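Undergrad: give me the fold of what follows.
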Amino acid sequence: MKKFNIRKVLDGLTAASSSSAAAAAQPGTPRENDVVQETLQSEHFQLCKTVRHGFPHQPSSMAFDPVQKILAIGTQTGALRLFGRAGVECYCQHESGAAVIQLQFLINEGALVSALADDSVHLWNLRQKIPAILHSLKFNRERITYCHLPFQSKWLYIGTERGNIHIVNVESFTLSGYVIMWNKAIELSTKTHPGPVVHISDNPMDEGKLLIGFECGVVVLWDLKCKKADCRYNYDEAIHSVAWHHEGKQFVCSHSDGTLTTWNIRVPAKPAQILTPHGKQPKDGKKPEPCKPILKVEYKTTRAGDPFMVLSGGLSYDTVGRRACLTVMHGKSTAVLEMDYPIVDFLTLCETPYPNDFQEPYAVVVLLEKDLVVIDLGQIGYPIFESPYPLSIHESPVTCCEYVADCPAEIIPALYSVGSRQKRQGYSKKEWPVSGGNWGQGNQSYPEIIITGHADGSIKFWDASALMLQVLYKLKTVKVFERARGKEEKPNTDIVDEDPFAIQTLFWCPESRMLCVAGVSAHVIVYRFSKQELTTDVVQLLEVRMQCDFNDVDSPDPGGEQTPTLPTSAASCSPQETEPPNQLSIGSNSSEGPRDNIPCLQVRSSPLKQSPGYQVELVIQLVWVSGEPPQQITSLAVNSSYGLVVFGNSNGLAVVDYLQKTLLLNMGTSELYSPSDPCQRQPRSPRKPRQPSGGLCDSNDGSNNSEDRCKSPTSGSTSPFNSDDERKQNFIEKVKVKSRRFSKTVANDFAKMSRKISSPSEQKPDLDAKDNAFSRSRSSSVTSIDRESRETISSFYFCESFPRKSESLVSPCLLVGTTQGSVMMLALCLPPGGDQRLQQPVSFSSCGTLVRLKGGILTMALLDATGTLLPPSYEQWYDPNASDEEKEKGRRRRPASPPSSQEGQDTQFTVLCSEKQAKVVAMPSHTCIYKHNITETSFVLRADVVQMAGAYCIACFCANGHIMTLSLPSLRPLLDVNYLPLTDMRIARTFCFSNLGQALYLTSPTEIQRITYSQETCDNLQEMLSELFTPVETPEAPNRGFFKGLFGGGAQSLDREDLFGETTAGKASRSLAQHIPGPGSMEGMKGAASGVVGDLARARIALDERGQKLGELEERTAAMMASAESFSKHAHDMMLKYKDKKWYQL
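TA: The predicted structure follows:
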């Protein structure tokens, strides 16, 4: 294949231009025969949601199918989450977004009824992989409070706030004319309304008797056939729930005063027993003190022992600080199980679905506000089951997220092997009881990993392959710091109000398994992966001093003399060369002067035992500078092949050699510009002009003088001011610039102001106070104008390219992007490998500005001449604690540098994407050949260069909700979908793209939503999704026995069809409720069809209906013909019989 030469392409452009800058400003369009052959087309892209992982946010209700073994959870936002065996999950949403107040399974029918707070009832079809609503019923005049669907019945009882009960046919979702009115149920002498219906259930032994509980404390046993109340049971306290004994002779009520009343159905006068489970029993026989309400009670029987009574609530009022509890009463024993969060609902799982048989309970599912707990009732001590679902995402609030698809196959087993040792002990030995459904049959086989950083400083690795999610390994970064034992020992967390260990950003190299983490307290931790345990006597520490001299620039010096300041680089390097890297620098924190040279967190001084997995290599901390706290880190990168880690913030950037544990480079953002750089803007980064020695620093041996050690690319910079007039004039100019900038900032719209989202150092707390992962900055001496004027480092990219224009040799480089749209290059000079790498320093040289874009730089990448991504070089993983031979094997596998370019043959493309636009720059000519303005009215929140269908593209997520993809290198728009408007800072913080058309974001504080922008994945989604419904035979009904059948002692059945049908009960009022066909029903499909396809579908349906009518007409015609023939035959026989008889013989 002929190699591509971009210089020849640009000959016609550069000849007509006096400079390459002019050519970059107005890039030409290369001829069709000369561009890289691009294979990606818009047909390769389609956007759709795939799966949702995590705990349902704000749960409100729960239901369980005991035959299908499926659990359903409803939320306050109208969401439905369905769970089966490990890996079987499903998410669906009610359009109204109203809270789900109750769920009822049609047991073993593959259907679910949901009742919402907007007084609507919906029937869901679970027999398809993506459940759909078949029917909906919207009540207009009454509020729904309770629903009950008897086992193997198609008639749903609905209780309302007015105290009435309506009956719905779940097959057609039509109301029956049979209504139980509240004034007929209660006694006529009652003068007050009984309140809403809080319970409905039929007698387990007699389907014709319905038990109705009213909030006021009245319970009515209603005879459905006779349409009258059999018995009424009155109690002074309000009722919260009712539970039957399986024999149908007793029921238990829970009340608002913490009591349980047991009633015999034949003795309505008074309860058979009154029990206060948590009340103190007075010795004088008086009534026990009232307790908190018992919100729910369940009464389950066993064949071979005492029944179980499970209840929530009912604690004594003197237990103020006690957590929510679930009480299990079995015989004479009472177990109180404390929960971590308030209880929303609970269900007792039983062996049989029949209510008139011994229940045999084996587990209790407890739905908490932020967790799901399943308790084993069959083992002593009631241990909990180990959950197979990824419900612990929110164990600590998620602060950042990374998604790596198609990672090395061996990384998941490696993480699992070290993570399996972290599992808790003491779980139940039985299998998880929610075991329904089947896995999907998709062919997606590539490994995927999700990494989440949390507010408590922990990092979790998740296996996300095949649309599942399973935790692999958890890393706690707080172990390297001293923990405060009391309030007086609180860390110096002056940057954030709380969560000083929160993860700000992270960088992970899956090939080398290097992990670099930046926290909100301006600290960076470098980790290596090892399979062997290690005890570190002293944690390696490096302190970095990064500063920006605002105070000296903001006001003229009244003394008339220039106060000398140390260059940033030299000031940072000198302490590190006189002290061992594992020792803390001596700082001043006395009341006499400002705080200086002190980090925000105290690194651990005692030996650290590190388990197999990620182990600390180096801790880097930014320190206070002259009373000013360090600025939070905004960008981070690590390269295992070079042994370097680089990080930046609003003050500048720093490069650290983690092999030698030394600081190599520490410079301000303005120092990255060369003296003659046209893109340099001094007012945007108000620093004092520096001496020639204040530039780049190669941290070497401490005996070297500063001139040999620190060489600045800005050696020709302006000298310090010489007079008061010059200083004052300069100060006035800066104030004018700041005033104009401040006015412009105030006048901007929301989209412009929201650009702060892209800078983690300016993160505001979430709208949800409970998910306040990042806290507000408290740097008092830096004004908002100063922050806006700072040029912050926003991104890094290690590569091997042409650092200077028209060079023919590639060399290691570092691309640096800023929030003002500048992209600079630093050339790296690496010593040879082996021992020399550990002894000789890495040197740098600045190459000035490569290109400039609108908006802050978000991502950078490098392509070769064929459009293939050139990833940063890396060193294959080897165990740092292994033998020297194994280490050498790992080092030998280090990939070599790309071949050099001869006569411009091996050219490259540098891909750059900012908040506003994308550009492609040809290397080594440094000429912009493609430019695309992504958005004018909004801004890009996240952009990544990803692989799709064997090629590469840029994927972007904008604040206005658009998801876009651009081809590479020509930047052709391939996809633009208005998907999700930015409604929460959480989405902006966690949205990330990955290869092969995968992406995700945190849709709530507890849930991860995965989406795909791949047409192939969308087409195969049905196969990849799990199945909820599986054909299972319903268990046989309990045997009534010979004598019960003979004497009628068994369960009494009821012909509900005859009782509630239209023939007997008549039609219900049309104004009471409105029937709405769901999108999953035939009517919904007719209504949803549109366009040509819809016309064809309607024509097909019409033809089917016409054919059906013609068939019915043909059948009726044939029947009439047969009837006519029969009549003719009978008439002929009659004629023959009386033909020869006289009239008097008849």
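Undergrad: distance of the closest residue to Ser521 other than its chain neighbours from Leu224?
TA: Leaving out its chain neighbours, the residue that sits closest to Ser521 by C-beta to C-beta, 6 or more residues apart in numbering is Cys600, at 4.0 Å. Any C-beta I mention is one placed from the backbone N, CA and C, and that applies to glycine too. From Cys600 over to Leu224 the distance is 71 Å, taken as C-beta to C-beta, to the nearest Å.
Undergrad: quick one, grab the pLDDT at the residue nearest to Ser521.
TA: As predicted, Cys600 sits at a pLDDT of 92.
Undergrad: kindly report the same for Arg1116.
TA: 80.
Undergrad: which of Cys600 and Leu224 has more neighbours?
TA: Higher neighbour count among Cys600 and Leu224: Cys600, with 23 against 19, using other C-beta atoms under 10 Å.
Undergrad: picking that back up, surely the residue nearest to Ser521 and Gln632 touch.
TA: No. Counting by C-beta atoms under 8 Å, Cys600 stays clear of Gln632, with 10.1 Å between them.
Undergrad: return the distance of the spatially most central residue of the chain relative to Cys400.
TA: Against the mean C-alpha coordinate of the chain, by C-alpha atoms, centre = their mean, the closest residue is Ile1008 at 2.1 Å. Look at Ile1008 and Cys400: by C-beta to C-beta, they are 13 Å apart.
Undergrad: ramachandran coordinates for Lys292?
TA: phi -70, psi 150 (degrees, to the nearest 10).
Undergrad: ok, now Ser417?
TA: Torsion angles, degrees, to the nearest 10, at Ser417: phi -70, psi -40.
Undergrad: show me the contacts for the closest residue to it other than its chain neighbours.
TA: Excluding the flanking residues, the one nearest Ser417 by C-beta to C-beta, 6+ apart is Lys531, at 7.4 Å. By C-beta atoms under 8 Å, 6 or more residues apart in numbering, Lys531 lies in contact with Ala414, Ser417, Val418, Pro612, Asp879, Asn881.
Undergrad: tell me the secondary structure for the closest residue to the fourth one other than its chain neighbours?
TA: Yep, that's Pro612 we're talking about. With C-beta to C-beta, 6+ apart as the measure, Val418 is the residue that lies nearest to Pro612, at 4.6 Å, once sequence neighbours are left out. Secondary structure state of Val418, per DSSP: H, G, I helix; E, B strand; the rest coil, is helix.
Undergrad: shaky segments in the stretch 1001-1146 of the chain?
TA: Where the stretch 1001-1146 of the chain drops to pLDDT under 70, the residues are 1040-1051, 1081-1108, 1140-1146.
Undergrad: show me where it has helices.
TA: 1015-1019, 1021-1024, 1042-1047, 1056-1060, 1062-1065, 1082-1088, 1091-1138 (DSSP state H, counting those that start in this stretch).
Undergrad: ok, Arg141 - how many residues close by?
TA: A total of 12 residues lie near Arg141 under the criterion other C-beta under 10 Å.
Undergrad: how near is it to Thr160?
TA: Using C-beta to C-beta, we find Arg141 at a distance of 9 Å from Thr160.
Undergrad: kindly report the same for Gly436.
TA: Distance, Gly436 to Thr160, by C-beta to C-beta: 32 Å.
Undergrad: same deal with Arg1116?
TA: From Arg1116 over to Thr160 the distance is 45 Å, taken as C-beta to C-beta.
Undergrad: who's more crowded, these two?
TA: Neighbour comparison, Arg1116 and Thr160: the larger count goes to Thr160, with 19 against 10 (by other C-beta under 10 Å).
Undergrad: show me the contacts for the more buried one.
TA: Thr160 makes contacts with Phe139, Glu142, Arg143, Ile144, Thr145, His166, Pro196, Val197, as judged by C-beta under 8 Å, 6+ apart.
Undergrad: so Arg421, which of the three states?
TA: Applying three-state DSSP: Arg421 is helix.
Undergrad: which residues touch it?
TA: Ser611, Pro612.
Undergrad: go on, Gly258?
TA: 276-279, 290-294, 313-316.
Undergrad: now do Val623
TA: For Val623, the contact set (C-beta under 8 Å, 6+ apart) comprises Glu543, Val544, Arg545, Ser585, Gly587, Asp596, Asn597, Ile598, Pro599, Pro630.
Undergrad: what about the first one, distance to Val623?
TA: When distance is defined by C-beta to C-beta, Glu543 is 5 Å away from Val623.
Undergrad: just give me the neighbour total for the closest residue to Gln839 other than its chain neighbours.
TA: Distance criterion C-beta to C-beta, 6+ apart; nearest residue to Gln839, sequence neighbours excluded, is Pro831 at 7.7 Å. Using other C-beta under 10 Å, Pro831 is surrounded by 14 other residues.
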